[in-house]
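K.L.:
Pasting the sequence and the predicted coordinates here, then a few questions.
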Amino acid sequence: MNKTDKIYVAGHRGLVGSAIVRNLKSKGYENVIGRTHKELDLCDQAAVRTFFETQRPDVVVLAAAKVGGINANNTTPAEFIYENSQIQCNIIKCCHDFRVKKLLFLGSTCIYPKMAPQPIPEEALLTGPLEPTNEAYALAKISGLKMCQFYKRQYGDDFISCMPTNLYGPHDNYDLNGSHVMPAMIRKFHEAKVNGAPAVELWGTGSPLREFLYVDDMADACVFLLENYSGESHVNIGTGKEVTIRQLAETVKNTVGYTGDIIWNSAMPDGTPRKLTDVTKLHALGWTHKVELEEGVRLAYDWFRENVDQARM
């Protein structure tokens with residue numbers, strides 16, 4: 001990539017996209033563009049083609065997606081598979097048709113089988129059944145990943161894919177009906193502290209093991225891959241470290257300063273029992289994370305407190 005390249009970040013205002021924009025600009029890439037959903041509906045094929053025809057981006061980062069936690073994935077799977085498939089098909093095809101120099105497609109580690117070997121290597125893809133609670137989203141992301149591979153294989157397009165682990169940080173979604181576990185905990189413990197609530201209820205048993213990556217670390221890895229990687233295989237992005245959901249809850253509780261009790265509602269689903277990425281490939285390429293969990297939770301909570309009026313609630 002050149003510093004003067006026009007870089008289109010699809011989803012530039014979300015958790016992932018905004019972090020990538022920050023990282024690109026910090027590295028001297030000033031010609032970064034984005035469009036809000038109101039300005040450009042990525043599910044509208046004709047509108048997307050018009051955008052590419054008029055703007056002619058050199059580089060594209062596909063960070064736009066319909067995302068959510070267990071509840072959102074489990075209750076609206078049709079919307080998850082349809083909207084994500086539409087977005088990525090429209091953008092990937094236009095990247096080919098309008099000769100984009102490089103495309104980075106972002107997926108998620110939920111693409112891997114529910115009972116994948118741990119840590120999960122890239123080679124585990126399509127080796128077993130998916131976790132049912134997020135199957136629709138996973139199938140869409142697998143399709144996008146494969147689409148990039150096939151365009152690269154057939155036409156030589158420089159389309160690469162990365163699969164970040166669980167992300168958190170500035171501009172996260174704090175809507176309890178659709179958020180992921182980290183922002184949901186931050187909001188619940190914060191509101192319980194403010195309101196003096198004696199206890200906070202959390203879903204599941206607290207036993208699943210999860211890996212968490214601060215979103216600005218993820219963005220740094222994405223830009224690193226844009227600058228240094230052109231392989232056909234997707235690349236995991238993570239820390240290679242894990243905690244139980246119960247340990248995460250204690251970390252968030254202590255960071256927020258909440259002193260009440262935690263009630264675990266075991267009638268609610270836990271999701272995949274363990275999900276840790278094998279980041280051997282990424283480390284071999286020369287990138288490792290910088291922000292550890294306790295520091296990351298503190299940074300995320302500081303942002304939430306300072307932006308609670310503007311946060312997605």
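P.N.:
In hand now; what should we look at?

K.L.:
I'd say Gly128 and Met115 touch.
P.N.:
Yes: Gly128 is within contact range of Met115, at 5.9 Å (criterion: Cβ atoms under 8 Å). C-betas here are computed from N, CA, C, even on glycine.

K.L.:
distance of Gly240 from His96?
P.N.:
From Gly240 across to His96, the span is 34 Å (Cβ to Cβ, to the nearest Å).

K.L.:
cool, Pro164 as well?
P.N.:
To His96, Pro164 is 24 Å away according to Cβ to Cβ.

K.L.:
out of the two, which sits in the busier spot?
P.N.:
Neighbour count, other Cβ atoms under 10 Å: between Pro164 and His96, Pro164 has more, with 24 against 18.

K.L.:
Got the phi and psi for the closest residue to that one other than its chain neighbours?
P.N.:
Counting by Cβ to Cβ, 6 or more residues apart in numbering, Pro164 lies nearest to Ile237, which is 4.3 Å off, once chain neighbours are set aside. Backbone torsions of Ile237, given as degrees, to the nearest 10, read phi -120, psi 120.

K.L.:
and Ile237, what does it touch?
P.N.:
Shown in contact with Ile237 (Cβ atoms under 8 Å, 6 or more residues apart in numbering): Cys162, Met163, Pro164, Thr165, Leu213, Met218, Ala221, Cys222, Thr277, Val279, Leu282.

K.L.:
give me that answer again for 10 Å
P.N.:
Neighbour list for Ile237: 106-107, 109, 162-165, 167, 213, 217-222, 224-225, 277, 279, 281-282, 287, 289 [criterion: Cβ atoms under 10 Å, 6 or more residues apart in numbering].

K.L.:
same question, Leu202
P.N.:
Leu202 is in contact with 181, 184-185, 188-189, 245-246, 248-249, 252-253, 262-265, 268, counting by Cβ under 10 Å, 6+ apart.

K.L.:
What residues are bridge-paired with it?
P.N.:
Legend: beta-bridge partners of Leu202 under DSSP bridges are Trp264.

K.L.:
Which stretches in the stretch 151-300 of the chain count as strands?
P.N.:
Along the stretch 151-300 of the chain, counting by DSSP state E, counting those that start in this stretch, strands occupy 159-164, 166-168, 199-203, 209-210, 212-214, 235-237, 243-244, 261-265, 274-275.

K.L.:
I'd like the ones you listed laid out as CSV, including mean pLDDT and distance to Thr4.
P.N.:
Below are the strands of the stretch 151-300 of the chain laid out as CSV (pLDDT from 0 to 100; distance: least, Cβ to Cβ, whole Å):
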stretch, mean pLDDT, distance to Thr4
strand 159-164, 98, 21
strand 166-168, 94, 29
strand 199-203, 96, 48
strand 209-210, 94, 40
strand 212-214, 98, 29
strand 235-237, 98, 26
strand 243-244, 97, 42
strand 261-265, 97, 52
strand 274-275, 88, 39
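
K.L.:
need those in JSON lines with distance to Arg35, can you?
P.N.:
Below are these laid out as JSON lines (distance: least, Cβ to Cβ, whole Å):
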{"stretch": "strand 159-164", "distance to Arg35": "20"}
{"stretch": "strand 166-168", "distance to Arg35": "22"}
{"stretch": "strand 199-203", "distance to Arg35": "35"}
{"stretch": "strand 209-210", "distance to Arg35": "32"}
{"stretch": "strand 212-214", "distance to Arg35": "26"}
{"stretch": "strand 235-237", "distance to Arg35": "25"}
{"stretch": "strand 243-244", "distance to Arg35": "37"}
{"stretch": "strand 261-265", "distance to Arg35": "40"}
{"stretch": "strand 274-275", "distance to Arg35": "32"}
